[in-house]
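Colleague: return a 3D structure for these sequence lines:
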Amino acid sequence: MIEVRQLVCCRGERQVLQGLSLAIADGEFLAVIGPNGAGKTTFLKCLLQLVPDWEGEILLDGQSIRSLSSRQLARRLAYVPQIPRSDTPYQVREFVLMGRYACHSPLTAPGHADRMAADRALALAGIESLAERSLDTLSGGERQKAYIAAALAQEAPVLLLDEPSSQLDPRHRHEVGLLLRRLQQEQRLTIILISHDLNEASLLADRILALRDGQIARLGTPQEIMTGAELERIFATGFVLVQHPDSGRPVALPEE
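Modeller: As a prediction, this is how the structure comes out:
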């Protein structure tokens, strides 16, 4: 379980996060939404200890993340960044193998267990056929799956993703969403997803955390968050809500 207690984060003189408190259960899929500047990425970076100037408590299974080294934290939390680089020259298998950095000392070459973990991560991401390709030859969707595979190679129980589908076409966006849902259900991963796509959040997540001006505007199920009144309060614009014909979950369309 991840527990966040009165999380405050300042960037310069601006208070980006203002007293966030919530708990994320093991195996839960949590989507984080909100307007630009609401504090979504900063929240993720606080969990990862990537920003120094935060106050409050963040606990992983009751242990403060402040007591963990970066390597210890990497064994618990795996991270997929917002915009995967397109000019990385590594072979896909080599790149995924780099995700094992937290499992051995810097001067130790990857061993058999590391290679097995990398191959398993490639299989989980469904990109075994790309293993010998260079990252800089992949499409955006293929490259995003390679970054997810590298995170999976860490074998951490929690996967954090910052807008993984923001630059993908509809097909690859759908494939990445299906992959994340399968990883949660079959591998029992806890997933925290930052998304600007309200429908992605609604269709994938168990709960949605809506941030506005660095505060929790609402935390609840998609059915609780995805209402016209709630979304207008969070985003200051109107939406029309319909039910998805397959899942029955709410889908938001902009008002004309």
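Colleague: mind showing which ranges of this protein have poor pLDDT?
Modeller: 83-87, 104-107, 109 (pLDDT under 70).
Colleague: any idea how it splits into domains?
Modeller: The record's domain parsing of the chain by automatic domain parsing lists 1-76+157-228, 86-155.
Colleague: give me the element the closest residue to Pro222 other than its chain neighbours is part of.
Modeller: Spatial nearest neighbour of Pro222, excluding adjacent residues (Cβ to Cβ, 6 or more residues apart in numbering): Ser202 at 4.2 Å. Every C-beta, even on glycine, is put in place using the N, C-alpha and C of the backbone. If you go by DSSP states H and E, Ser202 is part of helix 198-204.
Colleague: quick one: that helix to chain centroid distance?
Modeller: Chain-centre distance of helix 198-204: 13 Å, with Cα atoms, centre = their mean, to the nearest Å.
Colleague: show me the contact partners of that helix.
Modeller: If you take Cβ atoms under 8 Å, 6 or more residues apart in numbering as the criterion, helix 198-204 is touched by 29, 31, 33, 165, 173, 177, 180-181, 193, 195, 208, 222, 225-226, 231, 239, 244, 247, 249-252.
Colleague: any of those residues buried? List them.
Modeller: By neighbour count, with 16 or more other Cβ atoms under 10 Å, the contacts of helix 198-204 hold 29, 31, 33, 165, 173, 177, 180, 193, 195, 208, 222, 225-226, 231, 239, 249-252 as buried.
Colleague: among the residues you listed, name the ones in strands.
Modeller: Members of the buried ones among the contacts of helix 198-204 lying in strands (criterion: DSSP state E): Phe29, Ala31, Ile33, Leu193, Ile208, Phe239, Pro250, Val251, Ala252.
Colleague: in CSV: the domains of the chain, plus distance to Glu256.
Modeller: As requested, these are exported to CSV (distance: least, Cβ to Cβ, whole Å):
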stretch, distance to Glu256
domain 1-76+157-228, 14
domain 86-155, 31
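Colleague: relative to Ala151, how far out is Asp246?
Modeller: Remark: distance between Asp246 and Ala151 (Cβ to Cβ, to the nearest Å) = 28 Å.
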